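Q: Structure, please.
(2 chains)
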Amino acid sequence: MEFWTALARAKRGFRDDLRLHLVAIASLVIAFLCLGAALLSVENLSRVADRWSRAQHMTVYLSADAKKGDVAQLQLVLESLAEVAQVRHVSAADAKREFVEQSDISVEASTLPDEAFPASLEVSLKSEAKSERMRTIVERVRGFGAVEEVETYEELFAQLGSLLSTGKSAVAMLAALVLICVLAIIGNTIRLAVANRRSEIEVLKLCGATDSFVRSPFVLEGLIQATAAAILALLLLVIAYFSARGAVEATLGTITGVHTVFLSPGIALAMVLGGAAAGAAGSALSLRRYLAI
Amino acid sequence: MPEDPRQGRDRPISFFRSRSDRSQAKPILVLEEVYKYFRRDIPTLRNVNLTVERGEFIFVTGPSGSGKSTLLQLIYRQHTVDGGRIVFSGRDVSRLTESSIPYLRRNLGVVFQDFKVVPHWTIFENVAVALEILGTPPKVVRARVAETLERVGLAGRGNERVGHLSGGETQRVAIGRAIVTEPALLLADEPTGNLDPALAIDILTLFEEINASGTTVIFATHDHSLLSSSPHRLIVIDEGRLIEASHGLRAWSARTQMSA
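A: Got it, this is the predicted structure:
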């Protein structure tokens, strides 16, 4: 009963201070939108890192003057290794054709220089392949005369890992910043609401309202504001995501080989629940400070 | 014997009702040697003794600043006594903890000169708030508020905003809020102070009707025109001292003139 009474009074509070609450919600939407966008970036970056780390791939670029027999011998050697799952020979012409097919650049294949697409052996590795052992294999493969260069993408993984780690730190900082924003915005909104409703509070106290009865609608107002802002921010993010998805898939998706995804339901729910909790906390803290009853 | 209209109706809360069976015959309010100081050297109230029986209507009068409002504020625990005690329904209100004060106030109705209503709320919301605090179900709230608005002469006007009402109507809203919970004791602190004489008589009549239904009323006023036409018990506060003028204003006036 007390909850429903508090909710009805919170509703009345929204009605009486509508503009104040709308401004607060708009400010909170911006804060949650920043957090949501950052979470979305990290989520997709994680997927790329995960996909690439599981892909375990090595490209052995062949020198331009490599003899057919040497290449076949090298392929046999690689296939005999326990860590290797599959070896595929890609000629310069195949490499050029694959590039034109996979990339979204509409150019004539004939206009691209042949030397930009060296022949290679694309080596798929088994997931249990240990990095120490892989380094030894790479050194041995580099010793073959037909080999120009061996690309293990290790450096790229390291860069991606570093980027991901930076992204996660940035999101953590942004989450803390958003929390501070929520506490400050809700706190100030409730402070103004308390000031606007002094006469109401006085009447309640004279009629025998307990402190919790007076405070509860304000806490609910903070909670509702933050929850509404988090949900609105997620809706805006969904709209933005689906609007930009096509273009992102065509460019970054092709390069990385990973389809983009929206925030997982768990993260979205955590954002809403976390926002609600922060809203209620901001309101309660503000009441402790400004509502002397 | 006429039936008590409030019989069988719930009082706000049992906190002040637990000993009601035994205390029915006892005075509803007793003030014993009450002192209140706002300045260390000058007591606002000094050695105030007062006994109020159930169902009484008492006028408290005296010049501005004499301590009328302070007396009422001590009863509803806006302030605490500095000496003596105030016993309401068998409990010493001056010894209540802060957390118990709301339960005292739920058993009192208070009406003020400045109305103390929420102007942007409707009449219904202003009256219903006292019941919402008690956790009364909405259906009962609607019925009780409608009944109360009829008693105070505002039937069918529940949806009007209080900020748009005249002074007399606003005071009726405040009275409605004070009586909707059917308190044992109704305190009125200069309720006609902001009203013209005709409206003041109307409001006094309303208080008398409420009193006639069994509610004890303490009515503080310095408006002698109200006192002169009224047969009720009269208490005068002068320089913090309480003087019983049991035979009305004329007797008190005569006595003060003689002593002068």
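
Q: Can you tell me which residue of the stretch 101-250 of chain A sits closest to chain B?
A: Of all residues in the stretch 101-250 of chain A, the one sitting closest to chain B is residue A:208 (3.6 Å; C-beta to the nearest C-beta). No exception for glycine: its C-beta is placed from N, CA and C like everyone else's.

Q: so what's that residue up against?
A: Residues near residue A:208 by C-beta atoms under 8 Å, 6 or more residues apart in numbering or on different chains: B:12, B:102, B:103, B:104, B:105, B:106, B:107, B:108, B:130, B:133, B:134.

Q: Where does it sit: helix, strand or coil?
A: Classification of residue A:208 by DSSP: H, G, I helix; E, B strand; the rest coil places it in coil.

Q: and the gap between it and residue B:99?
A: Noted for residue A:208: a distance of 12 Å to residue B:99, by C-beta to C-beta, to the nearest Å.

Q: By mean pLDDT, point me to the weakest helix or strand of the chain.
A: Chain wasn't specified; assuming chain A. Lowest on mean pLDDT, DSSP states H and E among the helices and strands of chain A sits helix A:254-256, with a mean of 70.

Q: which of the residues in stretch A:150-167 are buried?
A: The neighbour-count check on stretch A:150-167 (16 or more other C-beta atoms under 10 Å in any protein chain shown) flags A:150, A:152, A:153, A:160, A:164, A:167 as buried.

Q: Which ones among the residues you listed lie within strands?
A: Residues of the buried residues of stretch A:150-167 located in strands (DSSP state E): residue A:150.

Q: returning to that earlier point: mind checking which of the contacts of residue A:208 land in helices?
A: Secondary structure assignment by DSSP state H places B:102, B:103, B:104, B:105, B:130, B:133 of those in helices.

Q: In those, which residue is surrounded by the most others?
A: Of all these, residue B:130 has the most neighbours under the rule other C-beta atoms under 10 Å in any protein chain shown, reaching 30 neighbours.

Q: my guess is that residue meets residue B:177, correct?
A: Yes - between residue B:130 and residue B:177 there is a contact under C-beta atoms under 8 Å: 5.2 Å.

Q: Could you tell me which residues touch both of those two?
A: Common neighbours of residue B:130 and residue B:177, using C-beta under 8 Å, 6+ apart, are residue A:207.

Q: Need the pLDDT of the closest residue to chain A within the stretch 151-260 of chain B.
A: Going by C-beta to the nearest C-beta, chain A is nearest to residue B:177 of the stretch 151-260 of chain B, at 7.0 Å. Turning to residue B:177, the model gives it a pLDDT of 96.

Q: What of residue B:221?
A: pLDDT, residue B:221: 90.

Q: That one: how many residues sit nearby?
A: What residue B:221 shows, counting by other C-beta under 10 Å, is a neighbour count of 23.

Q: who's in contact with the most centrally placed residue in chain B?
A: Chain B has residue B:187 as the residue nearest its centroid, 0.9 Å off, counting by C-alpha atoms, centre = their mean. By C-beta under 8 Å, 6+ apart, residue B:187 lies in contact with B:72, B:75, B:76, B:108, B:109, B:110, B:111, B:218, B:220.

Q: next one: residue B:141
A: Contacts for residue B:141 were tallied using C-beta under 8 Å, 6+ apart; they are B:128, B:131, B:132.

Q: Show me where the stretch 101-250 of chain A has its helices.
A: Secondary structure of the stretch 101-250 of chain A (DSSP state H, counting those that start in this stretch): helices located at A:131-142, A:154-196, A:198-206, A:211-248.

Q: oh sorry, the question was meant for the stretch 1-150 of chain B
A: Using DSSP H, counting those that start in this stretch, helices in the stretch 1-150 of chain B cover B:20-23, B:68-75, B:101-105, B:123-133, B:138-151.

Q: Let me know which of those is the nearest to residue A:182.
A: Closest approach to residue A:182 among the helices of the stretch 1-150 of chain B is made by helix B:123-133 (29.4 Å; C-beta to C-beta).

Q: Show me what the closest one is packed against.
A: Helix B:123-133 sits against helix A:2-16, helix A:198-206, helix B:138-151, helix B:167-179, with contacts defined as 3 or more C-beta pairs under 8 Å, 6 or more residues apart in numbering or on different chains; DSSP states H and E.

Q: burial of residue A:268, as a residue count?
A: Number of residues near residue A:268 (other C-beta under 10 Å) recorded here: 18.

Q: Looks to me like it is in a helix.
A: Yes - counting by three-state DSSP, residue A:268 is part of a helix.

Q: is it true that it touches residue A:231?
A: No - the pair residue A:268 and residue A:231 does not pass the contact test of C-beta under 8 Å, sitting 9.3 Å apart.

Q: So is stretch A:9-21 next to chain B?
A: Yes - Stretch A:9-21 is in contact with chain B by C-beta under 8 Å from any C-beta of the partner chain, via A:9, A:12, A:16.

Q: Pull that stretch out as CSV, backbone CA atoms only.
A: Output in CSV follows, covering the C-alpha atoms of stretch A:9-21 (Å, rounded to 0.1, in the frame of the first residue of the first chain):
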residue,chain,number,x,y,z
ARG,A,9,2.7,10.9,-5.0
ALA,A,10,5.8,10.6,-7.3
LYS,A,11,3.5,10.8,-10.3
ARG,A,12,2.0,13.9,-8.8
GLY,A,13,5.6,15.3,-8.3
PHE,A,14,6.3,14.7,-12.0
ARG,A,15,3.1,16.5,-12.9
ASP,A,16,4.0,19.5,-10.7
ASP,A,17,7.6,19.8,-11.8
LEU,A,18,7.3,18.4,-15.3
ARG,A,19,9.8,20.7,-17.0
LEU,A,20,12.4,20.1,-14.3
HIS,A,21,12.2,16.4,-14.6
